[in-house]
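Asker: I would like to see how this sequence folds:
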Amino acid sequence: MAKTRIQTNGAPAPAHTFSQGVRKGPFVQVSGQGPVDPVTNEYLYPGDVAAQTTRTLENVRAIIEASGATFDDVVMLRVYLTTREDFSIMNDAYGAFVTAHTPSGVLPARTTVFTGLPREEMLVEIDAIAIVE
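Answerer: Model prediction:
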């Protein structure tokens, strides 16, 4: 069972020495994504955690789909936030996106962590695990 790199123009190119995602057998791991436009590589929506959450999830979804999976195959999402005060706003945007893209109705598991992020303009980062049947 070979490990393969997932690569798509639908999400930003990785800025460092890692892959957008990796698939091995049925397992897909998406690297942490931020609110970056995949065409311009610009960080979007400064100060707007709801818009950043949606853009970040769009990047995650693009990588999931490039792996041959669908967003409905996601079993785990990890959300990293810079401040506890943004939790409720992030949660609303997250809930709207995840519900709209999970037709089975079985929402992924999730962990939310409060931490510093690599770029000052990033309010949120999200990674994912999917299993393709």
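Asker: ok, P118 to H16 distance?
Answerer: Distance, P118 to H16, using CB to CB, to the nearest Å: 9 Å. Quick note: C-beta positions are derived from backbone N, CA and C, even for glycine.
Asker: Show me which of the two is the more surrounded one.
Answerer: P118 (10 against 6; other CB atoms under 10 Å).
Asker: ok, so what distance separates that one from P12?
Answerer: From P118 to P12 the distance is 13 Å (CB to CB).
Asker: just S67 next, same as before
Answerer: In this view, S67 and P12 are 16 Å apart by CB to CB.
Asker: Over to E133?
Answerer: Using CB to CB, we find E133 at a distance of 28 Å from P12.
Asker: cool, G21 as well?
Answerer: 12 Å.
Asker: Check G105 too.
Answerer: 30 Å.
Asker: And L117, by the same measure?
Answerer: For L117 relative to P12 (CB to CB), the value is 15 Å.
Asker: more crowded one of these two?
Answerer: Taking other CB under 10 Å, L117 and P12 do not tie; P12 has more neighbours (22 against 15).
Asker: List the residues that contact the more buried one.
Answerer: Applying CB atoms under 8 Å, 6 or more residues apart in numbering, we find P12 in contact with Q33, G34, V36, D37, P38, N41, N59.
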